[in-house]
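In: Quick one, fold the following:
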Amino acid sequence: MSSEEFEKLHEVYRSLYEELKLMPGRALKCHGEERKRLVRSFDERQGEAEEMLQGMEEELRAAPSSYRNAMSTKLRMYRRDLGKLQRDIKISAPGFGSLSQPVEGGHHGIYSSENQHSTHLQSQRALLLQGTESLNNASQSIERSQRIAAETEHIGTDVIEELGEQREQLDRTRNRLVNTGENLSRSRKILRAMSRRLMTNKLLLGVIILMELAILGAVIYLKFFRGK
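Out: So this is what the prediction gives:
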């Protein structure tokens, strides 16, 4: 969409509308051929305004949805304003409200049923296209959300499994540490018992040596000294 082209069409439409909204009041003040010329001029300007609106609708079809929705509402308001001006000019010039022959530039009459029907169909088609696009965008968003949810669930499952494996490893490591601590406690008890036995054996060995020395001294004494 060319925003510059849309703004140009919008500016032309506003200029035409400002001119059109003065004509019903002028029609009340004139009569005969002058009123007929005024109605024809209104018919021509209204046709040009319709072309500007149709051009803006075509530009909006390629616009982003956020911008298009806002401007579509504004376009519907413009069409309502044109419809009100058509009713006003019909009331102001009742004798000329049924003109339907082509005027200069090939425009249709202001109350042409075919033109109104075509405008209505275009408006309905634009609304249908907007609704379809919004539905497609919503469906795509739901699909993306479901895909992200499935990926997240898969990742969560993998993380839970990995945490379970790590917990088992930690349990096994803790059990090994507990067993190692128990083994170290038993080893310390054995070493203390062996140390006590070693000291006891040394004491017993010293006592035996002393007893043997005493016995040996007694034998020597009895054998060599007492006989003399």
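
In: model confidence over stretch 30-43, on average?
Out: Throughout stretch 30-43, pLDDT has a mean value of 83.

In: Quick check: buried residues in it?
Out: 35, 36, 38, 39, 40, 41, 42, 43 (16 or more other C-beta atoms under 10 Å). For glycine as for every other residue, the C-beta is placed from the backbone atoms N, C-alpha and C.

In: Looking at the residues you listed, which are in helices?
Out: Residues of these located in helices (DSSP state H): 35, 36, 38, 39, 40, 41, 42, 43.

In: need those residues in a markdown table with distance to residue 137, can you?
Out: Formatted as a markdown table, those follow (distance: C-beta to C-beta, whole Å):
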| residue | distance to residue 137 |
| --- | --- |
| 35 | 51 |
| 36 | 51 |
| 38 | 48 |
| 39 | 46 |
| 40 | 46 |
| 41 | 44 |
| 42 | 41 |
| 43 | 41 |
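
In: Out of these, which two sit at the greatest distance?
Out: The most widely separated members of those are 35 and 43, with 12.6 Å between them, by C-beta to C-beta.

In: which one's the longest helix in this structure?
Out: Max-length helix for the chain by DSSP H is helix 113-220.

In: same for it, what does it pack against?
Out: Secondary-structure packing of helix 113-220 (3 or more C-beta pairs under 8 Å, 6 or more residues apart in numbering; DSSP states H and E): helix 32-60, helix 65-92.

In: any idea how far residue 31 is from residue 188?
Out: Note on residue 31: its distance to residue 188, by C-beta to C-beta, to the nearest Å, is 128 Å.

In: next one: residue 51
Out: Distance of residue 51 to residue 188, given as C-beta to C-beta: 104 Å.

In: what stretches of the chain score poorly on pLDDT?
Out: For the chain, applying pLDDT under 70 flags the ranges 1-3, 93-123, 125-126, 226-228.

In: Residue 56 touches residue 10, doesn't it?
Out: Yes - between residue 56 and residue 10 a contact is recorded at 6.3 Å, counting by C-beta atoms under 8 Å.

In: between these two, which one's more packed in?
Out: residue 56 (22 against 19; other C-beta atoms under 10 Å).

In: Now do the same contact list for the more buried one.
Out: Taking C-beta atoms under 8 Å, 6 or more residues apart in numbering, we find residue 56 in contact with 6, 9, 10, 13, 71, 75.

In: try 7 Å this time
Out: 6, 9, 10, 75 (C-beta atoms under 7 Å, 6 or more residues apart in numbering).

In: Go through the helix or strand hosting the first one and flag the buried ones.
Out: Think residue 6. Element membership for residue 6 (DSSP states H and E) is helix 3-20. By neighbour count on 16+ other C-beta under 10 Å, the buried set for helix 3-20 is 6, 9, 10, 12, 13, 16, 17, 20.

In: Make TSV out of those residues and add distance to residue 218.
Out: TSV is the format used below for those (distance: C-beta to C-beta, whole Å):
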residue	distance to residue 218
6	136
9	142
10	140
12	147
13	145
16	151
17	148
20	153
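
In: Could you give me the buried positions within whichever helix or strand comes after the helix holding residue 6?
Out: Toward the C-terminus, helix 3-20 is succeeded by helix 23-29 as the next helix or strand (DSSP H and E). Across helix 23-29, burial judged by 16+ other C-beta under 10 Å covers 23, 24, 26, 27.
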